[in-house]
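Asks: next comes the sequence, and after it the predicted model I'd like to discuss.
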Amino acid sequence: MLGLVDVRADRDVWMLYRSVLPHPWGECLVDVYGPDAAAIAVGISGGGVAVLQPAFEARLLGAQTLIDELRRARRHTVHLYVFSLEGCIEAGMLAAVLDADLSLDAAPATLRHGAGLARLGLQTALRFSILAQRAAALFRLQD
């Protein structure tokens, strides 16, 4: 009825676009969520959805930052994606991204533990927020 189709895929791709969140929050997305991802998409390098481009124009990734994100994602999976390749072409950085050596040692234990703590903190804050909203709604119903 809504035009949504349940499509089976061989893997879920987690879109961990650091450009979507403000500094410094976006910088830790790959480290926080990467360990649980079967495939990771990084970005935003430009291009893509025209209506969203003005919102992220000031936070587009340059070639070196994009390569660094791909290296960080490579710590967790071999299935890597970039949003968007047309943005890489427009910025003249596709060749640099394709030629980059993405091999990197595993993340240091302190980074893994720090990322885990950050994720736990975020999950706790979100759960607390949901509980607070439910409690506020309950008190409003009783008035």
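Replies: Noted; the coordinates are in hand.
Asks: so residue 59 sits right up against residue 45, yeah?
Replies: No: with contact defined as Cβ atoms under 8 Å, residue 59 does not reach residue 45; the gap is 10.7 Å. Any C-beta I mention is one placed from the backbone N, CA and C, and that applies to glycine too.
Asks: between those two, which is the more surrounded one?
Replies: Neighbour count, other Cβ atoms under 10 Å: between residue 59 and residue 45, residue 45 has more, with 29 against 15.
Asks: which SS class is the residue nearest to the more buried one when sequence neighbours are not counted?
Replies: Spatial nearest neighbour of residue 45, excluding adjacent residues (Cβ to Cβ, 6 or more residues apart in numbering): residue 87 at 3.8 Å. Recorded secondary structure, residue 87: helix (DSSP: H, G, I helix; E, B strand; the rest coil).
Asks: what number of residues lie near residue 87?
Replies: 22.
Asks: got the contact list for the most centrally placed residue in the chain?
Replies: Nearest to the mean C-alpha position of the chain, by Cα atoms, centre = their mean, lies residue 16 at 1.1 Å. Shown in contact with residue 16 (Cβ atoms under 8 Å, 6 or more residues apart in numbering): 29-30, 33-34, 37, 40-42, 73.
Asks: mind checking which of these are in helices?
Replies: If you go by DSSP state H, the contacts of residue 16 have 29-30, 33, 73 in helices.
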